[in-house]
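K.L.:
Provided below are the primary sequence and the corresponding predicted coordinates.
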Amino acid sequence: MDTLIYHLRRHALLRGIVYALAGLAIVVNPSAVFKIAVYLISGYLAFMGLVDLIEGIKVKRSADVYDSSFVLGIIFLVLAGIVLVFSKVIVSIFPIFLGLLLVMLGSTRLIQSFNLRKYTDVNWVLFLLYGLFLLIGGILLIFNPFKSILLLFQLFGGILIVMGISECLTLFQLRKIDN
């Protein structure tokens, strides 16, 4: 099987469902999703910090030296605190990162659509439109024409829903190609 088709088909349905559910949650209650995301990121950083700190203490006890895991543990714990305390400031730059991500994904889909032109059973124009949609959505997020971050976050949720539907449609389109 062609590697392009294999990579597009692999986990497309799961990606589609996850994108759609995450997008729906963001559209319905963006502030709650934002708070949950802040706590998850902060909690993850704190957990990683504690793991590295414990590892660093073990190394200190056994070799009587501090290694990089001790310092990394402290850095992760400080980052966890920063994310928790300064989440409002961090979210103000969040749309730029989301936009860049969508621009990269859109560009990838555009390239893939042009590569799919050689297959007669696949409607490559759908891939092209999807890539353009992602690209335009990413550019809108980067230049942030909206006043409200939550409205922008809801726009991203809508884009995720479309991405989820498109991933499922991609799977069904690619099933037409013979192995």
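P.N.:
Done, it's in.
K.L.:
Would you mind identifying the next helix or strand past the helix or strand containing S113?
P.N.:
Assigned by DSSP states H and E, S113 falls within helix 87-115. Per DSSP H and E, the first helix or strand lying C-terminal to helix 87-115 is helix 124-143.
K.L.:
Tell me what angle the very next helix or strand once past that following helix forms with helix 124-143.
P.N.:
Using DSSP H and E, the helix or strand that follows helix 124-143 in sequence is helix 149-174. With axes from the mean of the first three to the mean of the last three Cα atoms, to 10 degrees as the basis, helix 149-174 and helix 124-143 are set at 160 degrees to each other.
K.L.:
now for helix 149-174, which elements pack on it?
P.N.:
Contacts defined by 3 or more Cβ pairs under 8 Å, 6 or more residues apart in numbering; DSSP states H and E place helix 149-174 against helix 3-9, helix 12-28, helix 30-63, helix 87-115, helix 124-143. The C-beta positions use only the backbone N, C-alpha and C, and glycine is treated the same way.
K.L.:
wait, which of those is closest to I161?
P.N.:
I161 lies closest to helix 12-28 among the helices and strands packed on helix 149-174, at 3.7 Å (Cβ to Cβ).
K.L.:
Pull the distance from the closest one to the chain's centre.
P.N.:
Taking Cα atoms, centre = their mean, to the nearest Å, one finds the center of helix 12-28 at 11 Å from the center of the full chain.
K.L.:
who does it touch, helix- and strand-wise?
P.N.:
helix 149-174.
K.L.:
what mean pLDDT would you report for the helix it packs on?
P.N.:
Computed over helix 149-174, the mean pLDDT rounds to 82.
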